[in-house]
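>>> What follows is a predicted protein model with its sequence.
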Amino acid sequence: MSRFKIFILLIAIVEILLILSANILYFYQNNDSDGKLYLVEARRLIKEIEEQKPEASEIEAMNFDKYETIAGIREFVAKEACDNDYLVEEIAGKLYRIEYAAGRSSQLPLYINFSLLGMMIVTIIVLVYVYHKILKPFQDMSNLSYELAKGNLSMPIKEEKSKLFGRFLWGMDMLREKLEETKEKELEFLKERKTLILSLSHDIKTPLSSIELYSKALSEDLYDTQERRDETLQGIARNVKEIKGYVNEIVTASREDFLNLEVHMGEYYISEVIKATESYYKDKLSVIHTEFQVDEISECLVKGDKNRMAEVLQNVMENAIKYGDGKRIRISFGEEEDCKLIQIENSGCNLKNEELPNLFDSFYRGSNSTGMKGSGLGLYICKTLMRKMDGDIFAGMNEDVFCVTIVARKS
């Protein structure tokens, strides 16, 4: 039995004990003479009569509205019939019949029981609802995250009608499908790349064999004329050039498309991305006491992928934080023909000018990256994405200020 079911059982037991305790306490007090209201009020009435000493006729004519249970008082006659319960007490030397209505409070235990039972039912209903609508779906989802972590992407996710988890599970299912699709594309790409590399490797064997034969012929001095030797050297140079071409194809195949950099072209307002970036980094930079300035931007509709542009800005901002001196980061804007320019500057640049052309190459890391974690792919990804969005990105330096300029095409 789960802990929550045990908890529900304990709640039910506690409330049953409360009902029993209330009943026992009530009946205990009701059976005790000190707990009977009509006896208490009868004593009050007797005391009042003894203090006031009224005539017998005045006693029977008394007003009993201030007493909850006393119905009347008469001189006691042994054989006289009476519809009410009564007590016989001696007052001023005479026996009096004090009539009372003790049955007024006889429904109280029933009210108590109904109230407590209703509370118990409501509590159990709430706990059962919480279990079925919150805890059970959450328990089922814990297995889902575990399976996804193991790489089981083919397992379908059961739909949940609950408003609390329905949208979440729908998003998780979309994530699962996206991961599965990415995994299939990655496997297909690896297969294609492996096939290409094997094919190119096979093609390299032919010029290598020719070079080997030419080299052997030259080493054994098989060519008796200078003209034949020159032709052999030209053949070697030709095969070397061919091999270089194959090697370049292998390098290109290894570098390109190793990341899934898909772009969904559309139109969006650049200010939306800038405001989201400013909001995200404002608090982050204030914690590390970096001055963060974002200039005013005029509304402008640009072409591209809004999410990919946000990714580019984030990559550049992270580089500015990582490689700057932490004093100042500024985002400014410019115009150039049909393009919108976004410039991200950071202070504390110690790069060399000759390194600038290589910054956007894959796996390249500048001289200022010593001792810092990274793969050298951030700016390469930015360059690839911006070109796919019909834009561009480049970097420049002015003394110790490093500036990355993002070029977005206006719509």
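Structure received.

>>> Please make it C-alpha for all contacts and neighbour counts, starting now.
OK.

>>> hey, where'd the strands end up in the stretch 1-150 of the chain?
Assigned by DSSP state E, counting those that start in this stretch, the stretch 1-150 of the chain shows strands spanning 70-75, 85-91, 94-100.

>>> meant to ask about the stretch 301-411 of the chain, not that
Using DSSP E, counting those that start in this stretch, strands in the stretch 301-411 of the chain cover 301-304, 328-336, 339-347, 392-398, 401-409.

>>> Need the ones you listed in a markdown table (columns: distance to residue 221, mean neighbour count and mean pLDDT).
Shown next, in a markdown table, are the strands of the stretch 301-411 of the chain (distance: least, Cα to Cα, whole Å; neighbours: other Cα atoms under 10 Å; pLDDT from 0 to 100):
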| stretch | distance to residue 221 | mean neighbour count | mean pLDDT |
| --- | --- | --- | --- |
| strand 301-304 | 64 | 20 | 94 |
| strand 328-336 | 65 | 16 | 94 |
| strand 339-347 | 64 | 22 | 95 |
| strand 392-398 | 55 | 17 | 92 |
| strand 401-409 | 59 | 22 | 95 |
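
>>> and these as TSV, adding distance to residue 194?
As requested, the strands of the stretch 301-411 of the chain are arranged in TSV below (distance: least, Cα to Cα, whole Å):
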stretch	distance to residue 194
strand 301-304	32
strand 328-336	43
strand 339-347	39
strand 392-398	31
strand 401-409	35
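
>>> Pull up the gap between residue 261 and residue 182, please.
11 Å (Cα to Cα, to the nearest Å).

>>> And for residue 280?
In this view, residue 280 and residue 182 are 28 Å apart by Cα to Cα.

>>> Also residue 281?
Per Cα to Cα, residue 281 is found 30 Å from residue 182.

>>> before we move on, what about residue 247?
In terms of Cα to Cα, residue 247 sits 28 Å off from residue 182.

>>> more neighbours, those two?
Using other Cα atoms under 10 Å as the criterion, residue 247 and residue 182 rank with residue 247 on top: 16 against 13.

>>> what's the neighbour count on residue 119?
Using other Cα under 10 Å, residue 119 has 13 other residues around it.

>>> ok, now how distant is it from residue 12?
Look at residue 119 and residue 12: by Cα to Cα, they are 10 Å apart.

>>> got it, and residue 290?
From residue 290 across to residue 12, the span is 58 Å (Cα to Cα).

>>> returning to what we had before: can I get the strands of the stretch 1-150 of the chain in JSON lines including distance to residue 129 and mean pLDDT?
Listed next are those as JSON lines, based on distance: least, Cα to Cα, whole Å; pLDDT from 0 to 100:
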{"stretch": "strand 70-75", "distance to residue 129": "49", "mean pLDDT": "80"}
{"stretch": "strand 85-91", "distance to residue 129": "50", "mean pLDDT": "80"}
{"stretch": "strand 94-100", "distance to residue 129": "49", "mean pLDDT": "82"}
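
>>> In TSV, list those along with distance to residue 124.
As requested, those are exported to TSV (distance: least, Cα to Cα, whole Å):
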stretch	distance to residue 124
strand 70-75	43
strand 85-91	43
strand 94-100	42
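
>>> CSV please, covering the ones you listed and showing mean neighbour count and distance to residue 221.
What follows is the strands of the stretch 1-150 of the chain, written out as CSV (neighbours: other Cα atoms under 10 Å; distance: least, Cα to Cα, whole Å):
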stretch, mean neighbour count, distance to residue 221
strand 70-75, 19, 143
strand 85-91, 15, 144
strand 94-100, 19, 142
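
>>> Poorly predicted segments of the stretch 251-400 of the chain, please.
251-260 (pLDDT under 70).

>>> Show me the helices in it, by range?
270-287, 306-323, 378-388 (DSSP state H, counting those that start in this stretch).

>>> Deepest-packed of these, please.
Mean neighbour counts were taken over these using mean count of other Cα atoms under 10 Å, and the top value, a mean of 20, falls to helix 378-388.

>>> Please identify the residue most distant from the middle of this structure.
residue 93 (86.0 Å; Cα atoms, centre = their mean).

>>> Tell me the confidence at that residue?
pLDDT for residue 93: 76.

>>> cool, residue 61 as well?
In the prediction, the pLDDT value recorded for residue 61 is 77.

>>> Could you tell me how far it is located from residue 369?
108 Å.

>>> now swap in residue 337 and tell me
35 Å.

>>> okay, these two: which has more neighbours?
residue 369 (13 against 7).
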